[in-house]
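[1] got a predicted structure here, sequence first:
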Amino acid sequence: MVGVGFAAVERWWVGIVAVFVTFVLTFAADRSRAGLRALVAIGLLAMALIVTRTIPIAVLPFVMIGMGAGTGVNRFLFGVVRPVPSLRRQREEAPAPDWYPF
């Protein structure tokens, strides 16, 4: 158990990378459909890597914290400090498609 803890601490930089990647992906997703597709594609790739155990489980807490921080920074900058991008506003105000179950 102690060995796993030390191995995880050595991978702290993964959280910093996750902050920047998440910020860039959410920035792009707010401004274009291509960015939204890239966000979904990277998310699906990450899930596939987790399921196939390509990514060590010890780094997942750092990744999750980094994703939360990156999303939080994006929403603070583009929602509080600066206006919300128009494409994101349009997407939020658009009616849900007929097939949407909720």
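    Here it is on my side, so go on. Residues are numbered from 1 along each chain as shown.
[2] spatially nearest residue to the residue nearest to the spatial centre of the chain, not counting backbone neighbours?
    What sits nearest the mean C-alpha location of the chain, by CA atoms, centre = their mean, is T22, with 4.1 Å. Spatial nearest neighbour of T22, chain neighbours left out: G70 (2.9 Å); criterion: CB to CB, 6 or more residues apart in numbering. All C-beta spots, glycine's among them, are computed from the backbone N, C-alpha and C.
[3] next, count neighbours for I65.
    I65 sits with 15 neighbouring residues when counted by other CB atoms under 10 Å.
[4] one step back: the residue nearest to the centre of the chain against M64, yeah?
    No: shown here, T22 and M64 do not form a contact pair, counting by CB atoms under 8 Å, at 10.3 Å.
[5] which residues do these two both contact?
    Common neighbours of T22 and M64 are not found (criterion: CB atoms under 8 Å, 6 or more residues apart in numbering).
[6] re the thing from before, contacts for the helix or strand containing the residue nearest to the centre of the chain?
    Secondary-structure assignment from DSSP states H and E places T22 in helix 13-31. Contacts to helix 13-31, defined as CB under 8 Å, 6+ apart, come from residues 34-36, 38-39, 42, 59, 62-63, 65-67, 69-71, 73-75, 78, 84-85, 87-88.
[7] any of these buried? List them.
    Buried residues within the contacts of helix 13-31, counting neighbours by 16 or more other CB atoms under 10 Å: 35-36, 39, 59, 62-63, 66-67, 69-70, 73-74, 78, 85, 88.
[8] between those residues, which is closest to V9?
    If you rank the buried ones among the contacts of helix 13-31 by distance to V9 using CB to CB, F62 comes first, at 9.5 Å.
[9] assign that closest one to helix, strand or coil.
    Under DSSP: H, G, I helix; E, B strand; the rest coil, F62 falls in the helix class.
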